[in-house]
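S.K.: Everything below, folded, please.
(4 chains, ligands or ions: 4)
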There are 4 protein chains.
Amino acid sequence: VNEACQTFNLSAAELSTLRERAQANKARAYCPYSKFRVGAVLLTQDGTFIDGANVENASYPVGTCAERVAFGRAIVDGHGRKGGFKAVAVATDLTAPGSPCGMCRQFMREFCDLSMPIFMFDKNDNFSVLRLEELLPLSFGPDKLGVPDSAQRQAEQA
Amino acid sequence: VNEACQTFNLSAAELSTLRERAQANKARAYCPYSKFRVGAVLLTQDGTFIDGANVENASYPVGTCAERVAFGRAIVDGHGRKGGFKAVAVATDLTAPGSPCGMCRQFMREFCDLSMPIFMFDKNDNFSVLRLEELLPLSFGPDKLGVPDSAQRQAEQA
Amino acid sequence: VNEACQTFNLSAAELSTLRERAQANKARAYCPYSKFRVGAVLLTQDGTFIDGANVENASYPVGTCAERVAFGRAIVDGHGRKGGFKAVAVATDLTAPGSPCGMCRQFMREFCDLSMPIFMFDKNDNFSVLRLEELLPLSFGPDKLGVPDSAQRQAEQA
Amino acid sequence: VNEACQTFNLSAAELSTLRERAQANKARAYCPYSKFRVGAVLLTQDGTFIDGANVENASYPVGTCAERVAFGRAIVDGHGRKGGFKAVAVATDLTAPGSPCGMCRQFMREFCDLSMPIFMFDKNDNFSVLRLEELLPLSFGPDKLGVPDSAQRQAEQA
Ligand SMILES: [Zn+2]
Ligand SMILES: [Zn+2]
Ligand SMILES: [Zn+2]
Ligand SMILES: [Zn+2]
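M.R.: Numbering: from 1, shown residues only, chains lettered A, B, ... in the order given. Ligands and ions are numbered 1, 2, ... in the order given. Coordinates of the predicted model:
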């Protein structure tokens, strides 16, 4: 834990809150189809925590994952423009850390620095942590369509 | 407007706020690909307004519509359990009202009474309004998979 | 059945094949998560039948419905340009006809005439049939973004 | 090219066909919104090539990528059961290879061995190639939900 904090420039309190909120947010899931609860939480550069949980649908492809609920609200609330994101955490009821699906990794790619850490907690608070660029190498980003990516947007505003 | 308020059991102030927030939320959109801004807002049965806007992605299918951002946060914040939704509004920059896409209609179907009104504002505040069951007739809902739908869930909690 | 054929300009053989292939295509589904098999089949204007079935994913939102598998292959094989679609059929294991989800209705909207019939078969071959414009009224189509819709594209090529 | 063939156990003719069909399939794309054409092709273990191209929608999230069109038809045609997939190729009009989006990587994860190569061609036939496990490390797969993954399914049938 200490090592993770140093590596990713987080305080012990921040990592602790990421863990607690990701775990707690599992209770907010609407998942009557999979019974697979996922909690998510984002930490913005200005210190705000933003919650998410999975929201399923009778037509499975229409539902959404926990990470995208959290990022959707964060972007709409302006956190993409205000400096971006410091870390993301997800929690499941598995006994080994579960990772974000590829669709969520792609969603994050649009808004996050490639070096942003993603913490993955299992039900017993054990965790893995990888950077976005490690979970989605050689990614397809906005630059491919001539749109500035997160790092460029932040630089333009600085 | 008065007629719409009576038909759908909304106060003039509520409809006015729906219109203003849907229009204002267009400014929150992240839509560098389509340049097509959509603002959305929900009104819960307990009087809370919840905002959304479209959030696009370099991989177009990975982005999300305004309505689903708003409903995702609403469900995660417990408004599905607390009595549900009274009305939804969307606003675009078109000169005639634009309607929610089929995917968003399906997302709403999971959580809303079929009689819930959906207000669609154009850029000049002209609007159309239809009930969910009018926008998504003969819908595929949770009952098809043995899961209670919105009306049943509310009844069980009453 | 005879009435449906007349109304929608199909031969008895065509409707029969739509029913048989929609039912048979249920066996092609990959649905280990929902166990909810859906078969689909399209009939193009030039008399070709194109098959689909649902293909699910461990990340539920990443899966796809039967109708979109069929339409994806049809479009890629050029049937959108070659005159379009005459009818669609779907079949489930329900004891009353199940309808296409909103996302699939929206996918069809891009390529089909609003008057195209959609046949929905239950497990006992009972069916409902509605036109696309009845399943997705006041739809959000290509014209809203300045792109020709199906009818326009066919007219331009005629 | 020779080295890639040896590494991934492909004949020169197979790799050549993958390149040609991926490039050719760009012409099958329906992409009036992005104007970003993508061609895809799969090679199954029994030597069949299966084509795809991107199919967009006025509601951007409702469209589908080239890779998922190809895999959807392949699964529905039984190739998931018949031994699986030997290689995938995608081609774009970019001047450096464009990679599959995260959603498509996730879709492939359900059906492909983690060691399957993904060839990415730019407009001038330059290519990168990476294995699925390199493009989607620490993936979220069927085993997390108690469903056999591709390798297990093949082993059970052997
Ligand atoms: Zn996800
Ligand atoms: Zn939508
Ligand atoms: Zn569907
Ligand atoms: Zn993709």
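S.K.: in which helix or strand would I find the closest residue in space to A:Gly39 that isn't next to it in sequence?
M.R.: Sequence neighbours aside, A:Asn25 is the residue nearest to A:Gly39 in space, at 3.1 Å (criterion: CB to CB, 6 or more residues apart in numbering or on different chains). (C-beta placed from N, C-alpha, C; glycine too.) Using DSSP states H and E, A:Asn25 maps to helix A:12-25.
S.K.: Going by neighbour count, list what's buried in that helix.
M.R.: Using 16 or more other CB atoms under 10 Å in any protein chain shown as the test for burial, helix A:12-25 gives A:Glu14, A:Leu15, A:Thr17, A:Leu18, A:Arg19, A:Glu20, A:Arg21, A:Ala22, A:Gln23, A:Asn25.
S.K.: now those residues in TSV, with pLDDT?
M.R.: Output for the buried residues of helix A:12-25, formatted as TSV (pLDDT from 0 to 100):
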residue	pLDDT
A:Glu14	97
A:Leu15	97
A:Thr17	98
A:Leu18	98
A:Arg19	98
A:Glu20	98
A:Arg21	98
A:Ala22	98
A:Gln23	98
A:Asn25	98
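S.K.: a markdown table please, covering those residues and showing distance to B:Val129.
M.R.: Converted to a markdown table, these look like this (distance: CB to CB, whole Å):
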| residue | distance to B:Val129 |
| --- | --- |
| A:Glu14 | 45 |
| A:Leu15 | 47 |
| A:Thr17 | 42 |
| A:Leu18 | 42 |
| A:Arg19 | 45 |
| A:Glu20 | 43 |
| A:Arg21 | 38 |
| A:Ala22 | 39 |
| A:Gln23 | 41 |
| A:Asn25 | 34 |
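S.K.: Would you mind listing what in chain A touches chain C?
M.R.: Within chain A, the residues that sit near chain C (CB under 8 Å from any CB of the partner chain) are A:33-34, A:56, A:58-65, A:101-104.
S.K.: do that again at 10 Å, thanks
M.R.: A:31, A:33-34, A:36, A:54-65, A:68, A:100-104 (CB under 10 Å from any CB of the partner chain).
S.K.: Buried ones among those?
M.R.: Buried residues within the residues of chain A next to chain C, counting neighbours by 16+ other CB under 10 Å: A:31, A:33-34, A:36, A:54-65, A:68, A:100-104.
S.K.: hang on, the earlier thing: quick one, what contacts the residue nearest to A:Gly39?
M.R.: Contacts for A:Asn25 (CB atoms under 10 Å, 6 or more residues apart in numbering or on different chains) come out as A:37-41, A:51-54, A:66, A:69-70, A:89-91, B:76.
S.K.: okay, now A:Phe8: neighbour count?
M.R.: Counted with other CB atoms under 10 Å in any protein chain shown, residues neighbouring A:Phe8 total 18.
S.K.: does the closest residue to it other than its chain neighbours have beta-bridge partners, and which?
M.R.: Of all residues not flanking A:Phe8 in the chain, A:Pro117 sits nearest, at 4.2 Å (CB to CB, 6+ apart). Counting by DSSP bridges, A:Pro117 is bridged to A:Arg131.
S.K.: Surely A:Pro117 is in contact with A:Val90?
M.R.: No. Look at A:Pro117 against A:Val90 with CB atoms under 10 Å: they stay out of range, at 11.8 Å.
S.K.: joint contacts of these two?
M.R.: Residues touching both A:Pro117 and A:Val90 comprise A:Leu18, with contact defined as CB under 10 Å, 6+ apart.
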